[in-house]
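**Student:** Kindly generate the corresponding structure for this input.
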Amino acid sequence: MTARKVSLLKIPALAALIFLSGTASSQTWTGGTPYGGTVSVLLQSQDAQTLFAGTNGGLFRSDDGGLHWSRKLGGTIGSGPAEFAALALSDSHPRRLWIADARGRIHRSDDNGETIAATTTLPVAGAYIKQLVVAPDASEALYTVTSNSGLWYSTDAGATFARADEDVDFGIAKLVVSSDTPSQIMAFSALPTFRSLYIGSANAWFMLPELPTHPVAGAFAGNYNLFVATQGPGSFGVWRSLGLGMWRPQPIQCWAPNSLLIDMAGEDVQWLGCGEGLIGTTPALAPPMVINGVDAPIRQLLRDRADPNRLWAATEHVGVFTSADAGQTWMARNVGLSGTSFRSVAVHPYSHRLYAGYVDESTVTTNPSVMFSDDDGLTWTNSNLGNFVWLTRAITVDPTVQEVDATPVYAGAIGGAASIYKSMDGGRTFSALSGDSGAIINSVRDIVLDPRSCEAPPTSGACTNGPLQTFYAIASGDEQLNWRVIRSNDAGATLQDRSAGLPQLLTYPDNAGFEYNYPISIALDPLDTQTLYVGTYLQQRVNDAGTAPALTIANGVFRSRDGGATWQAVNTGLPRNGNSVDTGIDIYALATDPSVSGRVWAAGSFDDGRAGSRVFRSDDAGDHWVEQAAFADCDIRSLLADPQRAGTIRASGTSKAEQGTGCVLRSRDSGVSWTRIDAGLPATRVSAMATIPGAPDMLLVGTNSGVWHLRDAPDAIFHDGFD
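**Tutor:** Below you'll find the predicted structure:
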């Protein structure tokens with residue numbers, strides 16, 4: 001797809017915001033919007049003005065009661081996207097906090113998150129931390145709940161850890177600590193069939209009598225005075241135990257299954273919002289609710305330390321909300337809170353409308369999905385796609401339609417009744433595109449348009465008057481129906497399977513396992529639109545504990561010379577996996593040169609990017625490949641050849657360094673040499689890139705902390721637009 005050159009003199013707002021006159025530094029990042037996102041952890045310090053929010057985009061702190069937020073711990077791995085796991089505050093050291101990441105590491109800060117004072121790794125490989133809990137007294141006993149490695153505790157402020165669940169015979173899902181007696185802790189089981197819970201601390205636990213159904217939430221009201229909410233098939237209830245005796249039903253004043261919150265105020269139990277839709281503190285008790293017309297499933301609810309009538313809500317998708325009247329009305333508190341993760345971005349070539357595809361893989365609720373901005377990212381509008389799907393991985397704009405509100409926009413999604421959607425009004429409303437014969441099309445990762453597929457294409461080059469009719473999409477497919485490459489010749493009215501020639505599912509004898517590969521990336525030669533490339537990822541599953549056999553099926557890059565009708569592996573020069581003859585490296589990103597037919601780049605790895613990525617180039621349409629670079633600190637997932645600057649290609653991905661930003665790299669000699677251009681980017685994952693037509697030195701990126709612009713012009717001086 002060839003982007004058109006547009007004078008920015010016609011777009012003064014964009015020029016004023018991004019292209020300031022005078023000499024700029026070589027790496028200036030602006031943006032970070034939209035504000036909000038999913039807040040997994042929300043905590044308030046004793047002074048009541050300091051709040052901390054843990055998000056997909058890192059750790060944020062507010063010093064003015066939530067009016068403004070700023071990102072903290074910038075550059076540490078704990079501020080990462082899916083890396084962020086849990087947070088705990090110390091009561092005995094008011095400026096001390098602990099932050100856990102998904103790699104089992106615990107970071108400590110003694111200055112409210114400005115710097116890291118200590119880092120500890122749990123003494124078990126592969127631990128996934130779900131919760132940090134600190135005893136509210138001078139002991140600072142720190143407990144760490146993991147989903148796969150048990151319960152751990154520390155008595156030296158997190159310097160060392162020991163197992164804490166030797167007396168517990170079930171996996172612990174979460175802990176609740178008594179504020180009156182810190183040695184009393186409730187431990188809730190991860191097993192939905194378990195009807196009891198434990199109380200105690202460290203390795204001194206004892207099991208309470210069984211409840212009628214599975215306990216999911218609880219609160220202390222004085223010494224051994226427990227309130228517990230339970231949930232199970234067809235039943236819901238709240239129970240009270242005095243002195244750890246038998247459970248007694250706790251009468252409630254309204255019946256609201258799945259929408260009850262236990263909140264303690266001294267010796268009293270309050271049912272906040274019971275019967276009015278306000279929801280609870282665990283996913284099991286958290287169906288969607290609406291705050292000021294916005295869908296906002298609440299992850300966590302806090303009572304303000306200073307004002308008993310004020311509540312704080314950590315929500316999915318829309319950030320932090322507060323209520324000054326005990327939950328009757330709510331107000332957003334998200335200025336500066338860029339915790340939204342975006343996997344795709346796009347730019348309308350004529351209006352410069354920006355598009356961003358929302359991704360939050362930790363939830364399965366509807367969300368903003370595709371958002372767009374007409375003021376360079378200052379404000380954003382939600383499309384209706386979030387009513388149907390969980391997340392959006394691909395956005396493609398038809399570049400041949402000048403009127404923005406009549407422009408076709410395609411989206412690849414996950415989680416709805418369909419996976420390919422189309423908008424005919426510039427991205428405001430979307431409708432599903434369906435396949436033939438009930439075919440299953442799962443997890444669409446990318447969509448590319450044929451730039452010459454208008455009704456009357458020119459003799460050469462891209463169409464100037466559309467709309468375009470042909471597009472290709474790649475999907476995870478289905479092992480039976482096998483729709484992994486999809487083509488439409490009529491702008492989505494009908495869809496066709498174009499997976500013939502890709503390797504089929506290989507099942508090992510005696511049902512011992514299988515091999516199967518999934519398309520991860522797709523690219524089209526803009527000068528020869530019958531030539532397509534697909535990069536694949538190979539999955540091997542072995543059903544027993546035996547040694548996995550050598551991989552057999554072809555993997556890496558596949559090429560089609562006939563518009564996707566047939567495919568062949570083109571992997572000469574790509575590394576092979578182990579002793580395999582045909583199984584090449586997993587290819588996560590592809591890009592074709594907009595001015596050199598047959599030139600294509602590929603980025604991939606053998607280990608899902610854990611050891612970084614390698615970049616390859618072919619100048620003969622994939623017949624032969626040569627490695628150009630290896631990046632140990634970057635897991636590259638996106639390649640972008642600049643249509644406005646010949647020979648310029650960019651790569652982006654996730655930082656693998658202990659400290660650092662997300663990866664953005666640039667080559668101005670077709671990939672021979674590379675330069676890091678991500679300095680100052682407050683994100684650890686860059687998932688998507690787009691150029692801005694008419695602005696050859698501008699880059700738009702989607703990250704785990706919002707949408708950002710890069711002005712990548714070390715020596716350029718702009719005063720009044722571009723030629």
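
**Student:** so what are the domain limits for the chain?
**Tutor:** As given by automatic domain parsing, the domain ranges for the chain are 44-276, 500-632, 636-723.

**Student:** Buried deepest among the ones you listed, which one?
**Tutor:** domain 636-723 (a mean of 21; mean count of other C-beta atoms under 10 Å). Just so you know, the C-beta spots here come from the backbone N, C-alpha and C atoms, and that holds for glycine as well.

**Student:** what about it, distance to the chain center?
**Tutor:** Remark: domain 636-723 is offset 20 Å from the chain centroid, using C-alpha atoms, centre = their mean, to the nearest Å.

**Student:** One more: stretch 61-72?
**Tutor:** For stretch 61-72, the distance to the chain centre is 22 Å (C-alpha atoms, centre = their mean).

**Student:** which residues of the stretch 51-200 of the chain score low on pLDDT?
**Tutor:** Within the stretch 51-200 of the chain, the ranges that satisfy pLDDT under 70 run 74-83, 102.

**Student:** which residues in it form helices?
**Tutor:** Using DSSP state H, counting those that start in this stretch, no helices are found in the stretch 51-200 of the chain.

**Student:** circling back to that earlier point, in a markdown table: the domains of the chain, plus distance to Thr470.
**Tutor:** Output for those, formatted as a markdown table (distance: least, C-beta to C-beta, whole Å):
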| stretch | distance to Thr470 |
| --- | --- |
| domain 44-276 | 34 |
| domain 500-632 | 8 |
| domain 636-723 | 19 |
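
**Student:** wait, doesn't Gly513 sit right on Val542?
**Tutor:** Yes. In terms of C-beta atoms under 8 Å, Gly513 counts as a neighbour of Val542; the distance is 4.1 Å.

**Student:** Overlap of the contact sets of these two?
**Tutor:** Shared contacts of Gly513 and Val542 (C-beta atoms under 8 Å, 6 or more residues apart in numbering): Ala548.

**Student:** which element is Tyr421 on?
**Tutor:** For Tyr421, the host element (DSSP states H and E) is strand 420-423.

**Student:** Can you spell out which helices and strands pack onto whatever helix or strand comes next after that strand?
**Tutor:** Using DSSP H and E, the helix or strand that follows strand 420-423 towards the C-terminus is strand 431-433. Strand 431-433 is packed against strand 420-423, with contacts defined by 3 or more C-beta pairs under 8 Å, 6 or more residues apart in numbering; DSSP states H and E.

**Student:** Quickly run through the sheet partners of the strand it packs on, with directions.
**Tutor:** Each strand paired with strand 420-423, and its direction, by DSSP bridges: strand 409-414 (antiparallel), strand 431-433 (antiparallel).

**Student:** Which one of those lies nearest to Tyr508?
**Tutor:** strand 409-414 (28.7 Å; C-beta to C-beta).

**Student:** and the closest one, C-alpha only, in PDB?
**Tutor:** Presented in PDB, the C-alpha positions along strand 409-414 are these (Å, rounded to 0.1, in the frame of the first residue of the first chain):
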ATOM      1  CA  VAL A 409     -11.600   0.600   7.400                       C
ATOM      2  CA  TYR A 410     -10.900  -3.100   8.100                       C
ATOM      3  CA  ALA A 411     -10.200  -4.600  11.500                       C
ATOM      4  CA  GLY A 412      -8.900  -8.000  12.600                       C
ATOM      5  CA  ALA A 413     -10.200  -9.000  16.000                       C
ATOM      6  CA  ILE A 414     -10.400 -11.700  18.600                       C
END
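
**Student:** Buried residues in that strand, which are they?
**Tutor:** Applying a neighbour-count criterion of 16 or more other C-beta atoms under 10 Å, one finds Val409, Tyr410, Ala411, Gly412, Ala413, Ile414 buried in strand 409-414.

**Student:** on that earlier part again, any idea which of the domains of the chain gets closest to Pro458?
**Tutor:** domain 500-632 (12.6 Å).

**Student:** looking only at pLDDT, what's the mean for stretch 410-422?
**Tutor:** Stretch 410-422 carries an average pLDDT of 86.

**Student:** For it, report the contacting residues that lie outside it.
**Tutor:** Contacts of stretch 410-422 (C-beta under 8 Å, 6+ apart): 344, 357, 364, 369-370, 385, 388-398, 408-409, 423, 430-434, 441-447, 449, 471, 473, 475, 486, 491-492, 495.

**Student:** Work out the gap between that stretch and the centre of the chain.
**Tutor:** 17 Å.

**Student:** How much space separates Ala217 from Leu142?
**Tutor:** Ala217 sits 22 Å away from Leu142, going by C-beta to C-beta, to the nearest Å.

**Student:** isn't Ser341 right next to Thr703, touching?
**Tutor:** Yes. With contact defined as C-beta under 8 Å, Ser341 counts as touching Thr703 (7.4 Å).

**Student:** so what sits against both of the two?
**Tutor:** Gly57, Arg685, Ser687.

**Student:** show me the contacts for Arg305.
**Tutor:** For Arg305, the contact set (C-beta under 8 Å, 6+ apart) comprises Gln44, Ser45, Gln46, Ala48.

**Student:** Verify the stated contact: the first one with Leu302.
**Tutor:** Think Gln44. Yes. Using C-beta under 8 Å, Gln44 is in contact with Leu302, at 5.9 Å.

**Student:** now for stretch 635-647, what's the gap between its first and last residues?
**Tutor:** Separation of the first and last residues of stretch 635-647 by C-alpha to C-alpha, to the nearest Å is 22 Å.

**Student:** go on, stretch 638-649?
**Tutor:** Stretch 638-649 has an end-to-end distance of 11 Å (C-alpha to C-alpha).

**Student:** average pLDDT for that stretch?
**Tutor:** 95.

**Student:** Residues contacting it, please?
**Tutor:** 1-3, 5, 589-595, 601-603, 615, 650-653, 666-671, 686-691, 693, 696.

**Student:** Tell me how far Gly336 lies from Gly513.
**Tutor:** Gly336 sits 49 Å away from Gly513, going by C-beta to C-beta.

**Student:** Phi and psi next, for Pro509.
**Tutor:** phi -60, psi 150 (degrees, to the nearest 10).

**Student:** tell me the pLDDT at it?
**Tutor:** On the pLDDT scale, Pro509 is placed at 87.

**Student:** What's the separation between it and Pro182?
**Tutor:** 58 Å.

**Student:** for the stretch 501-650 of the chain, what are the low-confidence residue spans?
**Tutor:** 545-546.

**Student:** Kindly recompute the last result at 80.
**Tutor:** Confidence mapping of the stretch 501-650 of the chain against pLDDT under 80 gives the ranges 544-547, 579.

**Student:** all strands for it, in order.
**Tutor:** Secondary structure of the stretch 501-650 of the chain by DSSP state E, counting those that start in this stretch: the strands cover 506-507, 513-524, 532-542, 557-560, 568-569, 586-592, 600-605, 613-618, 626-631, 634-641, 649-655.

**Student:** Listing partners with orientation, what would you give for the fifth one?
**Tutor:** Looking back up the chat, that one is strand 568-569. The pairing partners recorded for strand 568-569 under DSSP bridges are strand 557-560 (antiparallel).

**Student:** Alpha carbons of the strand it pairs with, as CSV, please.
**Tutor:** Extracted in CSV, the C-alpha atoms of strand 557-560 (Å, rounded to 0.1, in the frame of the first residue of the first chain):
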residue,chain,number,x,y,z
VAL,A,557,8.5,-17.9,5.1
PHE,A,558,6.0,-19.1,2.5
ARG,A,559,5.4,-17.3,-0.9
SER,A,560,2.5,-17.2,-3.3
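
**Student:** ok, back up a step: of all the strands paired with strand 420-423, which lies closest to Ala523?
**Tutor:** strand 409-414 (15.0 Å).
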